[in-house]
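predicted model and sequence follow; I will ask about them next.
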Amino acid sequence: MTVLPYLVAGWLLVVGLWGVITSRQLVHQVVCLTVVQSSTYVLLLAVGYRTGGYAPIVSSSVPPSSPFVDPIVQALALTDVVVEATVVAVLLALTVQAHKRFGTADPDRLGELSG
């Protein structure tokens, strides 16, 4: 087992959070959030990886004592992709609406919220 995937996941998380904190455009912040989200993909792949593991399909060609890859981690990774796509779509729609209303995508120049 290697620590490289965990280091890559941590690096992606730090780089994405740094981009979100220092960004001056809403679209750039959304892209940086997708980088943060991609760190969870790498983390899930690292957790679910098993050296010499087979696909979690039991058949006569695979011995029953063979190691299998965890299917729950695979399902979580697919769910993570769907959640990220939904979050990005909503955030980009909000960014477009903010630009239409205030004429800018700079978070510091957006107007005051009113109820």
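Cool, the structure landed.

right, and residue 42 touches residue 5 too?
Yes: using C-beta atoms under 8 Å, residue 42 is in contact with residue 5, at 5.7 Å. From N, CA and C alone the C-beta is placed, and that goes for glycine too.

the two - which one has more neighbours?
Remark: of residue 42 and residue 5, residue 42 carries more neighbours, 20 against 16, as counted by other C-beta atoms under 10 Å.

with adjacent residues omitted, what lies nearest to the more buried one?
Leaving out its chain neighbours, the residue that sits closest to residue 42 by C-beta to C-beta, 6 or more residues apart in numbering is residue 9, at 4.2 Å.

residue 74 too?
With C-beta to C-beta, 6+ apart as the measure, residue 48 is the residue that lies nearest to residue 74, at 6.3 Å, once sequence neighbours are left out.

give the contact list for the one you found.
Taking C-beta atoms under 8 Å, 6 or more residues apart in numbering, we find residue 48 in contact with 69-70, 72-74, 77.

and the residue nearest to residue 42, its phi and psi?
Main-chain torsions, residue 9, degrees, to the nearest 10: phi -60, psi -40.

now do residue 54
Backbone phi and psi, for residue 54 under degrees, to the nearest 10, turn out to be phi -100, psi 160.

next: residue 23.
For residue 23, the backbone dihedrals are phi -70, psi 150 (criterion: degrees, to the nearest 10).

how much space separates the nearest residue to it once chain neighbours are set aside from residue 85?
Among residues not flanking residue 23 along the chain, residue 29 sits closest, at 4.6 Å (C-beta to C-beta, 6+ apart). Residue 29 sits 17 Å away from residue 85, taking C-beta to C-beta, to the nearest Å as the criterion.

just residue 103 next, same as before
From residue 103 to residue 85 the distance is 28 Å (C-beta to C-beta).
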